[in-house]
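1. how would this look folded up:
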Amino acid sequence: MSAKLKLSLFEAEKTFWKKPECKRGDTVSFSPMKNGNVLGFVEDSEGSAFAVVDARGTKFLVTQKQISFSGPDTDVSNPEDLQTFRSRVLKLASTASSKLPSLWKERRVIDKDAAIGVEELAVYLFESSGSLEVHALFELVRDNNPYLKKKSRQKKGGELVFTFRPESQVRELEILSQNRLERSETRDMRLARITSLIRGGDESLLLDQDREVVAFIETLSLSMGSRMPLQKCLDKSRDAEDAFEVMSRLKVEKTPRGAFEAMVMLGRFRKHENLHLRRSSMHPVEFSSDVLEELKKKQLNEFVDVDKKRRRDLTHLACYGIDTSDAVEVDDAISIEHGSESGEPPTLWVHVADPTRWLDTTDQLTKEALRRSCSVYLPTEDIPMFPMPIVESMFSLLAMEATEALSIGFQVDEEGRIDEGYEICTSLVSTQRITYDDVDALLESADGGQAYRDFHDLDVACRRRRAWRTGQGAFTVELENPKLRVEGFDGENPNVSIKVTRMDTLAWNLVEEMMLAAGEVAGRFSEKNRIPVAFRSQLPPKEVSEGEQISSIPEGWAKSLALLKLMRPSEMDVRPARHSGIGLDVYSQVTSPIRRATDLLAHFQIKAFLRGDKLPFSTAKMEKYLMDITKRVKEIRGIENRTKRYWTLERLRQDEEVGKNFHEGVVVGYRSEDKLIITVMLDSYATQIKARTPLALPLGARVLLEVLGADPRKNSLKAFVRKRLE
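-> Numbers count the residues shown, from 1 in each chain. Below you'll find the model as predicted:
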């Protein structure tokens with residue numbers, strides 16, 4: 001053999017058995033996870049790390065430490081070449097594996113301390129020592145080979161050789177190797193089964209040990225929307241390794257989006273699965289068996305009304321439950337009671353549904369309601385605080401039936417203030433339902449009937465209240481309210497409808513004033529009697545900073561949002577404080593005990609006080625509840641906002657599919673210093689999107705936008721100002 005060939009083999013051997021400095025184009029064996037090596041080629045280097053691509057085209061960022069072998073040049077430059085090369089390596093290694101036992105027996109008989117060098121070993125096994133043979137040799141000896149043991153017999157940096165293991169060790173390693181092979185075959189069959197079941201949507205046939213792999217894929221899918229690279233998603237557990245192998249077999253990307261596609265195949269997720277809700281503390285949204293069992297008992301058995309003897313019969317009053325036409329639960333109503341003497345101001349009443357008539361503080365229903373904190377209203381579904389069967393029947397103010405309520409009565413003086421002679425009592429009322437639209441029609445008509453007279457008198461009192469609150473610093477911003485509803489969201493093409501309604505009609509204003517008045521009375525009553533409830537407060541608006549000219553912004557969305565930015569966040573505490581936003585010194589919400597946990601707590605507290613009983617919740621206990629509820633409600637509002645955003649983008653995507661990608665809107669903000677990236681409120685969607693404009697535009701300017709590439713899963717779209725409208 002020539003000296004030149006010996007030198008090249010020696011260099012190849014050093015490259016092979018040490019961890020060399022890799023360079024672009026090298027073929028390497030590396031470990032992306034804790035277990036197992038993968039063949040790849042170095043695409044590029046990034047500092048002290050290397051971008052290595054495997055045979056599937058997946059890119060990994062690995063360190064020198066993760067590279068266990070780098071062989072001679074192989075002319076591999078893409079995944080297809082690597083697949084071909086890997087197949088040749090494995091085939092060659094498999095044909096030579098049977099030669100190792102023969103070599104071991106032959107050399108051990110001659111000399112038990114015999115050794116063999118890399119050059120001689122490659123030639124013996126493959127009759128050659130080229131790059132292909134070197135890689136095949138590595139495949140044979142890298143993982144606890146039963147017959148050979150690597151050993152250096154020269155000084156550091158010298159040639160590495162192999163010695164032959166003793167017979168006892170060979171037998172032990174042969175058994176271990178056979179067991180490993182059997183486990184590998186079992187694992188392959190298991191992963192094939194999981195892959196088949198996911199692809200066929202047969203979740204019921206998954207075995208318990210399969211579900212751990214599926215659980216990992218689901219966990220990965222729930223991270224969709226994050227920008228976490230694959231390497232940071234990798235778990236070093238066997239479940240993670242198996243999960244990624246299953247995803248490869250399913251031919252989906254080993255990313256959160258690929259995991260989501262796998263969950264859709266399985267049938268665990270729908271195409272439009274609400275991941276915001278799925279990964280929240282609200283999931284699962286179904287009520288537990290304990291809660292439903294208690295619900296059945298309450299429906300079947302009479303629950304003693306401890307306030308029965310104290311209830312005031314107000315069924316003689318015309319009691320109006322005002323809500324939207326699609327409302328299911330009726331948790332408040334209003335009425336007016338005229339005095340018997342001439343000139344005596346009427347008493348205005350707010351009647352609130354009384355769910356605590358059926359509940360105890362220790363009930364499972366109560367505990368679950370406090371855990372949920374409030375009802376959730378999504379475009380696809382409503383998630384109630386209480387089970388709907390009891391909400392629609394026992395808990396609501398029933399139409400034209402005597403129903404238990406908590407009633408708040410008060411009189412409004414000529415200036416709009418509430419007199420000291422207010423009252424709170426448990427009661428019986430009979431409610432008639434009416435919509436906001438119906439009330440608006442009545443107020444604008446000259447009907448002359450009782451309902452017209454009642455609403456006219458209520459409207460007069462509420463106008464005085466609104467004027468008085470404005471004088472007390474109430475800060476009102478009128479905004480349109482988009483209502484999204486989605487039908488058929490389980491299918492491929494759900495129908496997304498968006499209805500934009502105004503909240504400043506006569507009926508809306510009347511109901512708002514009545515509810516605020518009830519909150520003021522409840523707050524004053526609780527403060528006076530030292531009842532710990534949830535008092536709401538808000539600091540005064542921020543001062544307009546120098547350079548801001550809100551007065552010059554045209555009326556509409558831009559001005560309303562500019563004013564809204566001056567508002568400070570409201571707070572909730574057991575200690576009363578002024579609520580500057582609504583112009584009240586004290587305020588506590590009590591009008592939605594079916595939908596808000598804080599209102600439910602206030603009902604328990606106030607009713608116990610009216611009975612002369614010990615309050616069920618101490619100040620410390622109320623503080624703990626309010627802290628938990630505040631945290632949960634913040635999470636829920638985030639779910640609602642992100643879900644609405646998702647379906648708005650889905651509607652924009654559907655519109656673009658049919659060529660409807662031009663929309664009118666109003667400039668309401670700036671996203672860059674040069675004012676060329678702006679925020680636009682779309683008229684027909686009542687939603688804000690980011691857009692690019694070639695020229696700076698003033699706030700309030702009307703524009704025509706072209707919207708492209710809406711992707712609800714990525715929460716992204718592109719929008720461009722194409723024209724300024726007059």
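2. end-to-end on stretch 280-291?
-> End-to-end span of stretch 280-291 (Cα to Cα, to the nearest Å): 20 Å.
3. average model confidence for that stretch?
-> Averaging pLDDT along stretch 280-291 yields 92.
4. So for that stretch, what gets flagged as buried?
-> By 16 or more other Cβ atoms under 10 Å, the buried positions in stretch 280-291 come out as 280, 282, 287, 291. C-beta here means a position set from N, CA and C on the backbone, and glycine is covered the same way.
5. repeat for stretch 22-34
-> Residues of stretch 22-34 classed as buried under the neighbour-count rule (16+ other Cβ under 10 Å) are 22, 26, 27, 28, 29, 30, 32, 33.
6. tell me which element the fourth one falls in.
-> What that stands for is residue 28. strand 27-30 (DSSP states H and E).
7. Next secondary structure after that strand?
-> Scanning forward in sequence from strand 27-30 by DSSP H and E, the next helix or strand is strand 38-46.
8. Can you pick out the most distant pair from the buried residues of stretch 22-34?
-> Based on Cβ to Cβ, the longest span within these runs between 26 and 33 and measures 20.8 Å.
9. quick one: pLDDT of the residue lying closest to residue 630 once chain neighbours are set aside?
-> Nearest non-adjacent residue to residue 630, counting by Cβ to Cβ, 6 or more residues apart in numbering: residue 572, 6.1 Å away. The model reports residue 572 with a pLDDT of 96.
10. my read is residue 572 is in a strand, agree?
-> Yes: Residue 572 sits within a strand when classified using DSSP: H, G, I helix; E, B strand; the rest coil.
11. which strand is the longest one in this structure?
-> strand 423-435 (DSSP state E).
12. in the stretch 151-300 of the chain, which spans are strands?
-> Secondary structure of the stretch 151-300 of the chain by DSSP state E, counting those that start in this stretch: the strands cover 160-164.
13. all helices for it, in order.
-> Ranges of helices in the stretch 151-300 of the chain, per DSSP state H, counting those that start in this stretch, are 167-200, 208-221, 230-233, 238-249, 256-266, 275-278, 289-300.
14. can those helices go into CSV with extra columns for distance to residue 91?
-> As requested, the helices of the stretch 151-300 of the chain are arranged in CSV below (distance: least, Cβ to Cβ, whole Å):
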stretch, distance to residue 91
helix 167-200, 18
helix 208-221, 30
helix 230-233, 30
helix 238-249, 21
helix 256-266, 30
helix 275-278, 44
helix 289-300, 58
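15. Comparing these by mean pLDDT, which bottoms out?
-> Ranked by mean pLDDT, those bottom out at helix 230-233, with a mean of 47.
16. And the furthest pair within the buried residues of stretch 280-291?
-> 280 and 291 (18.8 Å).
17. check contacts around the spatially most central residue of the chain.
-> The residue lying closest to the centre of the chain (Cα atoms, centre = their mean) is residue 276, at 1.8 Å. Shown in contact with residue 276 (Cβ atoms under 8 Å, 6 or more residues apart in numbering): 638, 639, 642, 643, 646.
18. mind running it again at 7 Å?
-> Contacts here follow Cβ atoms under 7 Å, 6 or more residues apart in numbering; on that basis residue 276 touches 639, 642, 643.
19. Got the confidence number for the second one?
-> Which is residue 642. At residue 642, pLDDT is 93.
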